[in-house]
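Peer 1: The amino acid sequence is not available; the structure is as follows:
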């Protein structure tokens, strides 16, 4: 918690913002006012940006690149500030996840005029990805709770088409079979206006399963398998996004979900929906705010990240469920030099009312919201808080160039290895009358350990961790994603 308090203080003192030129580095896509030439002194001079050349973008449209730049044609910048501004812009372009490498150079035409040359190496944008994955929440749950049973797999195909039409649009399609059958499509258009601030996203999803986690016992999911479909879910939604600045974005989503269960599920757990119902239909509405100042979103080492989401389930009088929930996340990343780094992440979750059906429970234990050492548990409750702190040392970093690779997008192969130690804290309030899962609620959860992170290209992160939790349980844990 000390690290968390320190991170908050550091944010308000703005350690990640270069104060040497607040006009040019402001969090805005508006053009800065032109400076006056007479402000130059003997130690530097003002430079006018004459032209901006972009090379290497065989697919990406120029306007997608120009949108991320602080400098525009005709702007003036003080020569001492130029390197810092260009480095900030390089990181912004990397964080679009459209490019493997970005190099921004200046071409001096006259003592007071320059051109900018932006040299890009684009990523591979089409990924037809075969699905062969575990049906469980994570590798550790599958290995320990379900005896690494290879029949518990899903298979099929995911198709990711990034940067469609060169406009940073994304199409995702999934056709999945196995324990859970799922068919879905998502289409994201980040900008629908000339100023590139407003966007839309469309989502449709259909899921059916013959193997269902119908209840939780001692914080472990209990499954039933059947020849009949145990649950069928349908969802459709639309999201409006607004990105007024380089680092901040807003989104507003509306959707509708319909879920139907087999009568046997109601017999096994009358509280799954409620004792009388075999279905739920409800509308959803949510608002999300994000302020992202991380140096590299794939594996950040500097900066900070803030995200807040509020969701209302049940927006029509006929809806079967009514629930209000909010989640706030804050993460801070510190560079202590000599390849030492500290990161801290805090997540708070709150929901009301407390008497929702089992299907609508909130829980700690899904995706990245896990106290390390408790990977095999699901800890349900209407409110929880989680804090993760990691101290790491980079012990290896190198970028390989695979010259014989025929596909140029895969010739750039970065590889870094970090040794780390960490400590996590968590607390979950239990649902009323839910003593069957009360062993890990209403108490402080702790996890400490050490491990290695291996970071590769295309945001790939492999985590190898050995953790001791507050229950005196310890073991080796493996993850395929960054910790937060």
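Peer 2: Great, that's in hand. Here the structure is a predicted model, which is why all the values come from computation and not from measurement.
Peer 1: list the buried ones in stretch 45-64?
Peer 2: Neighbour counts over stretch 45-64 (16 or more other C-beta atoms under 10 Å) mark 46-50, 52, 54, 56-57, 60, 64 as buried. C-beta: built from backbone N, CA, C; applies to glycine.
Peer 1: can I see the domain layout of this protein?
Peer 2: 16-122, 126-479 (automatic domain parsing).
Peer 1: Same list, those domains, but as JSON lines with mean pLDDT please.
Peer 2: Below are the domains of the chain laid out as JSON lines (pLDDT from 0 to 100):
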{"stretch": "domain 16-122", "mean pLDDT": "81"}
{"stretch": "domain 126-479", "mean pLDDT": "91"}
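Peer 1: a markdown table for the buried residues of stretch 45-64, including secondary structure?
Peer 2: Converted to a markdown table, the buried residues of stretch 45-64 look like this (DSSP: H, G, I helix; E, B strand; the rest coil):
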| residue | secondary structure |
| --- | --- |
| 46 | strand |
| 47 | strand |
| 48 | strand |
| 49 | strand |
| 50 | strand |
| 52 | strand |
| 54 | strand |
| 56 | coil |
| 57 | coil |
| 60 | coil |
| 64 | helix |
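Peer 1: So of these, which two are at opposite extremes in space?
Peer 2: Greatest spatial distance among these (C-beta to C-beta): 46 and 60, at 30.8 Å.
Peer 1: quick one, helices of the protein?
Peer 2: 2-12, 62-66, 82-94, 139-145, 263-268 (DSSP state H).
Peer 1: chain center to the third one, what's the gap?
Peer 2: On the basis of C-alpha atoms, centre = their mean, to the nearest Å, helix 82-94 is displaced by 22 Å from the centre of the chain it belongs to.
Peer 1: For it, enumerate the helices and strands it packs against.
Peer 2: Here helix 82-94 touches strand 99-110, strand 113-122, going by 3 or more C-beta pairs under 8 Å, 6 or more residues apart in numbering; DSSP states H and E.
Peer 1: now with 6 Å?
Peer 2: Applying 3 or more C-beta pairs under 6 Å, 6 or more residues apart in numbering; DSSP states H and E, one finds that helix 82-94 contacts strand 99-110.
Peer 1: strand partners of the strand it packs on, parallel vs antiparallel please.
Peer 2: Strand 99-110 has the following strand partners under DSSP bridges: strand 113-122 (antiparallel).
Peer 1: Distance of the residue nearest to residue 307 when sequence neighbours are not counted relative to residue 388?
Peer 2: Spatial nearest neighbour of residue 307, excluding adjacent residues (C-beta to C-beta, 6 or more residues apart in numbering): residue 329 at 4.5 Å. According to C-beta to C-beta, to the nearest Å, residue 329 stands 11 Å off from residue 388.
Peer 1: What of residue 401?
Peer 2: Residue 401 is 35 Å from residue 388, by C-beta to C-beta.
Peer 1: same question, residue 480
Peer 2: 17 Å.
Peer 1: Residue 401 and residue 388: who's more crowded?
Peer 2: Neighbour count, other C-beta atoms under 10 Å: between residue 401 and residue 388, residue 388 has more, with 25 against 8.
Peer 1: Would you agree the more buried one is in contact with residue 425?
Peer 2: No. Look at residue 388 against residue 425 with C-beta atoms under 6 Å: they stay out of range, at 8.1 Å.
Peer 1: so what sits against both of those two?
Peer 2: Shared contacts of residue 388 and residue 425 (C-beta atoms under 6 Å, 6 or more residues apart in numbering): none.
Peer 1: This completes my enquiry, with thanks.
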